[in-house]
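# Mind looking at a prediction? Sequence and model below.
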Amino acid sequence: MFVAADDTDSMRGNCTTYLATEIIRELVIDGDLDLIGFPRLVRLNPAIPWKTRGNGSLVMRFGRGVGNKTFIGQISGKDLFCFEEQDDWEPDEDSILEKIVPLVERFHDPVDSDPGIVVSRTRPSYDFYLRGVRKVMKRSDIEAEIDRIGAKTFVLGCGRGLIGCICGMAWVPKDFTYELLAYRPQERWGTERVFDPGSIEKADHEISTSFNSWEDRFRKVAMVPGTPCPVMYGFRGDDVPDLIRGHDIIKTEPQSRWVVFQTNQGTDDHIITEFSPEEFIPNSSYLIKGTVVSVERIRGGHTFVTLSTDLGDVVCGAYEPSREFRRALDWLVKGDEIEVMGELRDSPRTLNIEKMHVLKTVDEFEKVSNPVCPSCGRTMSSVGKGQGYRCKRCGTRSDDPVVRKCIRWVVPGWYEPPTAARRHLSKPLKRMGEIQPVEFVDCRNP
Ligand code: ATP
């Protein structure tokens, strides 16, 4: 039986992942069901204007487990396992809903959330995942699918959470990663988190399959939230035993529980790579390719690059939080060929760059001196701005000064913002097997 939950939190507190652990506690730790497969944290379209933070939907499957079981967490001091397979028996939808509803009522934000819960024997069609992670959907888009799969639902508020439930439940992992989420005891929610940053640096360095936990460039922690939610930290990576080893390394104040979720984070699943010009609309994320027309730095520390593409000219932006990443853009010049991934914003219509692939750089030249007259060997004089040169002695004209080839600081390769400025869904270069060829640590193109 699949169970999905979405839209229970707000910036003031709560967290749908915590509600998921409460559902697991109720049905598995204190109940008689097994977890089938990992609990899933499915990130949906990050360009949805009404998301709270990372647009995450939580999906679990419950039944009677058979086959191998994997250790994936601890809740209320008890070990949590998930099973590879389930037998033919399915729990009853109504009794599951009956147990979950009081938990949703207790762990949701009463003002700023629109919770949805879906309980279903059947998974929605995969197409709903693709639409949910890439496009903006309406409640009416999912109603027929809820009926088709015979799902039971529970909503509070306007119940918009049902969209995320159906789209998250529809995810069939192709590329995937894991996140070990550790939680604080309820009496500590909203207080300052106590942890040892050095132990996070150690875990990041020792565990090569982890990503996005520590920013070496500034020696800063990237895996501990600053919001008043129940999460102590999220340690992300590709290997479950490695994440659990990291959990042993990372030192924090006492935790109430921890669980490893399977996720679509770090997969680039949100990026639309094939589309027609009419389909290039705001509130989705795209991969586009083009030639640099101009680069402009504006006040506030943002950089905008105009690209000439098959879709026409597209203005692409990198903003202040992406820090050094903007420097890579600053060093682009007219004629360079690049690919960028990012969200297309409506107003102003710009593509917010999440990652850049420099494909080809042009040669850049700088003037060394006025040209030398080919007839009499004298240095020619400028006629006026943009009007070329003339030899004062014999009148010979020339358009071109003596130039030398500049060093291009940007070289072909992939570039990404620092860890803290990355989207959950953005695939880190580390997972792509790429290394950023040049670091722009503290320089700006004059
Ligand atoms: P958190 O990550 O902290 O759990 P959140 O960022 O997931 O919070 P929510 O409060 O869950 O934010 O709000 C997201 C809302 O957007 C949910 O109601 C969800 O159903 C809805 N939603 C998700 N994906 C789409 C989509 N592609 N189109 C329309 N609505 C969506």
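Perfect, thanks for sending it.
# Give me the pLDDT value at residue 14.
Note on residue 14: pLDDT of 67.
# do residue 257 as well
97.
# Once you drop chain neighbours, what's closest to it?
Of all residues not flanking residue 257 in the chain, residue 75 sits nearest, at 4.4 Å (Cβ to Cβ, 6 or more residues apart in numbering). All C-beta spots, glycine's among them, are computed from the backbone N, C-alpha and C.
# repeat for residue 315
Using Cβ to Cβ, 6+ apart, the closest residue to residue 315 is residue 350 (4.8 Å).
# Can you name the residue of the stretch 251-400 of the chain nearest the ligand?
residue 283 (8.6 Å; Cβ to the nearest ligand atom).
# Got phi/psi on that residue?
phi 70, psi 30 (degrees, to the nearest 10).
# Isn't it up against residue 50?
No. Counting by Cβ atoms under 8 Å, residue 283 stays clear of residue 50, with 10.7 Å between them.
# The two: who's more crowded?
Applying other Cβ atoms under 10 Å to residue 283 and residue 50 shows that residue 283 carries more neighbours, namely 16 against 9.
# where does that one land on pLDDT?
pLDDT, residue 283: 96.
# List the contacts of the residue in the stretch 51-200 of the chain positioned nearest to the ligand.
Closest approach between the stretch 51-200 of the chain and the ligand, counting by Cβ to the nearest ligand atom: residue 164, at 3.1 Å. Taking Cβ atoms under 8 Å, 6 or more residues apart in numbering, we find residue 164 in contact with 4, 6-7, 44, 55-57, 116, 132.
# ok, and the closest non-adjacent residue to residue 5?
residue 58 (4.8 Å).
# Tell me the spacing between the one you found and residue 38.
11 Å (Cβ to Cβ, to the nearest Å).
# which residues are common contacts for those two?
In contact with both residue 58 and residue 38: residue 261, using Cβ under 8 Å, 6+ apart.
# Compare those two and say which is more crowded by neighbours.
residue 58 (28 against 22).
# Please identify the helix or strand for that one.
strand 56-63 (DSSP states H and E).
# Tell me which residues are up against that strand.
So strand 56-63 is contacted by 1-6, 16-17, 19-20, 23-24, 27-28, 33-37, 39-44, 86-87, 89-91, 96, 132, 164-165, 167-169, 171, 261, 424 (Cβ under 8 Å, 6+ apart).
# which of the residues you listed are buried?
Buried members of the contacts of strand 56-63, scored by 16 or more other Cβ atoms under 10 Å, are 1-6, 16-17, 19-20, 23-24, 27-28, 33-37, 39-44, 86, 91, 96, 132, 164-165, 167-169, 171, 261, 424.
# Can you tell me which of these end up in helices?
Residues of the buried ones among the contacts of strand 56-63 located in helices (DSSP state H): 16-17, 19-20, 23-24, 96, 132, 164-165, 167-169.
# Include distance to residue 288 when you put those into JSON lines, please.
As requested, those are exported to JSON lines (distance: Cβ to Cβ, whole Å):
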{"residue": "16", "distance to residue 288": "32"}
{"residue": "17", "distance to residue 288": "33"}
{"residue": "19", "distance to residue 288": "37"}
{"residue": "20", "distance to residue 288": "36"}
{"residue": "23", "distance to residue 288": "40"}
{"residue": "24", "distance to residue 288": "41"}
{"residue": "96", "distance to residue 288": "44"}
{"residue": "132", "distance to residue 288": "22"}
{"residue": "164", "distance to residue 288": "27"}
{"residue": "165", "distance to residue 288": "31"}
{"residue": "167", "distance to residue 288": "24"}
{"residue": "168", "distance to residue 288": "27"}
{"residue": "169", "distance to residue 288": "31"}
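# Residue 339: which of those is nearest?
Nearest to residue 339 among these: residue 132, at 24.8 Å, using Cβ to Cβ.
# Which stretches in the stretch 251-400 of the chain count as strands?
257-263, 271-272, 285-298, 302-309, 312-318, 337-344, 351-360, 365-369, 381-382, 389-390, 397-398 (DSSP state E, counting those that start in this stretch).
# Quick one: name the residues of the protein near the ligand.
Proximity of the chain to the ligand (Cβ under 6 Å from any ligand atom) is limited to residues 6-7, 9, 15-16, 44-45, 48, 50-56, 113-114, 132, 135-137, 160-161, 163-164, 167.
# Go ahead and build a PyMOL selection from the buried members of those.
Selecting only the buried entries of the residues of the chain next to the ligand in PyMOL, with 16+ other Cβ under 10 Å as the criterion:
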select buried, resi 6+7+9+15+16+44+45+48+52+54+55+56+113+114+132+135+136+137+160+161+163+164+167
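# can you pull the pLDDT of residue 421?
At residue 421, pLDDT is 89.
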